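[1] need coordinates for the below:
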Amino acid sequence: MAYRKISNDAKRAAVRLYERGLLNLVNILDCCGFSRRSWFRVLKLWRETGDVINHPTGIPREEMEFSLICMRSFIRLLLMNYN
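    Residues are numbered from 1 along each chain as shown. Below you'll find the model as predicted:
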């Protein structure tokens with residue numbers, strides 16, 4: 001199946017219909033145009049996060065704090081050598 005953008009609203013509606021038992025998996029895949037793989041990825045996200053899209057978190061907090069400490073130290077060294 002070719003790449004095709006499926007709206008978040010369609011994903012949410014399909015998940016709700018599936019979880020309430022109003023449509024079975026075969027009908028959802030057929031009607032909505034999901035691939036089986038895409039469907040289970042969306043369903044997994046829904047069950048883990050409560051949303052159908054992945055929200056990247058960026059840099060993990062520990063790495064960000066470490067980077068800030070390193071940056072401050074680097075700036076301090078530059079200023080000491082500049083004067």
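
[2] for Asp51, phi and psi?
    Asp51 adopts backbone torsions of phi -140, psi 160, taken as degrees, to the nearest 10.

[3] which residues are in contact with it?
    By C-beta atoms under 8 Å, 6 or more residues apart in numbering, the contact set of Asp51 is Leu45. C-beta coordinates here come from the backbone N, C-alpha and C atoms, glycine included.

[4] could you rerun that using 10 Å?
    Asn8, Lys11, Arg12, Val42, Leu45 (C-beta atoms under 10 Å, 6 or more residues apart in numbering).

[5] these two touch, right, the first one and His55?
    No: using C-beta atoms under 10 Å, Asn8 is not in contact with His55; the gap is 11.8 Å.

[6] can you pick out the residue with more neighbours from these two?
    Neighbours per residue, other C-beta atoms under 10 Å: of Asn8 and His55, the larger number sits with Asn8, 12 against 8.

[7] which element is encountered next along the chain beyond the helix or strand containing Ala13?
    Using DSSP states H and E, Ala13 sits within helix 8-19. Once the chain leaves helix 8-19, the next helix or strand it forms, by DSSP H and E, is helix 25-32.
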